[in-house]
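Engineer: Let me see the structure of the following:
(chains A and B)
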Amino acid sequence: MRLRRSLLYVPGNMPGMLQNIPVFEADVVMVDLEDAVPLQEKDAARLLARNFLRSYTDRNKEMFVRINGLDTPYALDDLREILPALPDGIRLPKADNPEVVERLDTLLTEHEEHLGLEIGHFKIIPSIESAEGVLNCVQTAVSSPRLVALAFGAEDFTASMEIDRTKTGEELFSARTQIVWAAKAAGLQVIDTIFPDVNDMEALRTETALIKRLGFTGKSLVNPRQIEIIHEVFRPSAKEIEHALEVMDAIKRAREMGTGVISLKGRMVDAPVVTRAARVLKTAIAFGMIDFDLTDEVIHGEK
Amino acid sequence: MQIRRKSTAGTMQSSDLMVVVEPAETLQIDIESTVKKQFEHLIRARIETTLRDLGVAAGHVRVSDRGALDYAIAARVETAIHRASQE
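Structural biologist: As a prediction, the model looks like this:
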């Protein structure tokens, strides 16, 4: 399992920020050619980002680039300059419907053929950031085999809804759940929106805990100072890991007795409980917190 | 590529540089830098390589460097030349 807990935006036209990318501890960095770059600097940003990616060969994190929307005059130039510098993927803004993603998929295939890369090399994370995008996200989630995650963009979403964004986020609840469902049904990771107030770490922690409970697997962010809190919230607790290991042990004993259900401290353990425990363990393994051989046989039993 | 008009690229922020290019009969490169003493020769070499790759043989290139790395120097020079080559 590839961890994508923290996806940090870095403005594409700021060398001072770009060259710090190797030391940021985010799982993914998204070099931004879209909203962080004024119109008259689009040409400069894509060359700077391209040169940075070329020079950053010994990479210690996934590198995505947020290109400009496919409905702008900048997107094709963005792809032409950026793709030869081999980012891992593209963060696609304004993914209002599956056709937008399909169009990007076709463009990426053309570039891969031209560059002599394997088809499917470049991944896509589409941003769902409008009412239309939320309504169509079930189809968008299955629009390309390149998708690794769906992402929610609440700043543009609230603008499209003509509403204000609050710190408690009640106005985002329905959109968030729909996007999580669409992503889970398609087997994708799902990335929550940025939290814009970089000085309010407690509200960031509360929001991250909320979106983790809803099923999100990661969060976009705008400031490296936010990384640590996001990682803390997504890290399984020692208690969760201990319980998950007990569940695995219990189900093993159950299967040895020829049954698929057993009681653990007065609570039933059966297949869905084991699946949830396995998810905790997978996360803990990916965090390097435990060493555990989590095979399909351990999770589902021998056939 | 030909420098047809005066153009600029970059900023005066730390780790960046400002490039100004203008048409001229010959190639002239002037460098101001916060790290001029140690690095002027490397900055000049990077600018010359970039200009050569772009096929620029003549022009006045002025650079105010704020400690930019190679990738940024090449990108800002290229941007300035692209802008200057447009009618």
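Engineer: Work out for me the element B:R62 sits within.
Structural biologist: strand B:59-65 (DSSP states H and E).
Engineer: Just checking: what are the partner strands of that strand?
Structural biologist: Sheet pairing for strand B:59-65, assigned by DSSP bridges, gives strand B:17-22 (antiparallel), strand B:27-33 (parallel).
Engineer: Moving C-terminal from it, which element do we reach first?
Structural biologist: Strand B:59-65 is succeeded, C-terminally, by helix B:70-85 (DSSP H and E).
Engineer: List the buried residues in that following helix.
Structural biologist: B:71-85 (16 or more other CB atoms under 10 Å in any protein chain shown). To be clear about C-beta, it is placed using only N, CA and C from the backbone, and glycine gets the same treatment.
Engineer: ok so, going back, would you mind finding the most buried of the strands paired with strand B:59-65?
Structural biologist: Of the strands paired with strand B:59-65, the one with the most neighbours on average (mean count of other CB atoms under 10 Å in any protein chain shown) is strand B:17-22, at a mean of 22.
Engineer: Show me the domain layout of chain A.
Structural biologist: Under the assignment automatic domain parsing, the domains of chain A span A:6-234, A:238-300.
Engineer: which non-adjacent residue is nearest A:K167?
Structural biologist: A:A203 (5.0 Å; CB to CB, 6 or more residues apart in numbering or on different chains).
Engineer: ok, now A:M17?
Structural biologist: Computed as CB to CB, 6+ apart, the closest residue to A:M17 that is not its neighbour in sequence is A:V10, at 5.0 Å.
Engineer: confidence score at that neighbour?
Structural biologist: For A:V10, the pLDDT comes out at 98.
Engineer: so how far is A:G16 from it?
Structural biologist: 10 Å (CB to CB, to the nearest Å).
Engineer: And for A:A271?
Structural biologist: 52 Å.
Engineer: between the two, who's got more neighbours?
Structural biologist: A:G16 (16 against 13; other CB atoms under 10 Å in any protein chain shown).
Engineer: ok, back up a step: comparing the domains of chain A by mean pLDDT, which bottoms out?
Structural biologist: domain A:238-300 (a mean of 90).
Engineer: That one spans what distance, first to last residue?
Structural biologist: This stretch, domain A:238-300, spans 24 Å end to end (CA to CA, to the nearest Å).
Engineer: Then stretch A:132-142?
Structural biologist: With CA to CA as the measure, stretch A:132-142 spans 16 Å from end to end.
Engineer: Equivalent analysis for stretch A:58-69, please.
Structural biologist: Start and end residues of stretch A:58-69 are separated by 29 Å (CA to CA).
Engineer: quick one: the strand holding B:R62 to helix B:70-85, angle?
Structural biologist: Orientation check (axes from the mean of the first three to the mean of the last three CA atoms, to 10 degrees): strand B:59-65 against helix B:70-85 gives 140 degrees.
Engineer: Could you tell me how far strand B:59-65 lies from the centre of the chain?
Structural biologist: Distance of strand B:59-65 from the chain centroid (CA atoms, centre = their mean, to the nearest Å) equals 5 Å.
Engineer: can you check stretch A:97-105 too?
Structural biologist: On the basis of CA atoms, centre = their mean, stretch A:97-105 sits 18 Å off its chain's mean C-alpha point.
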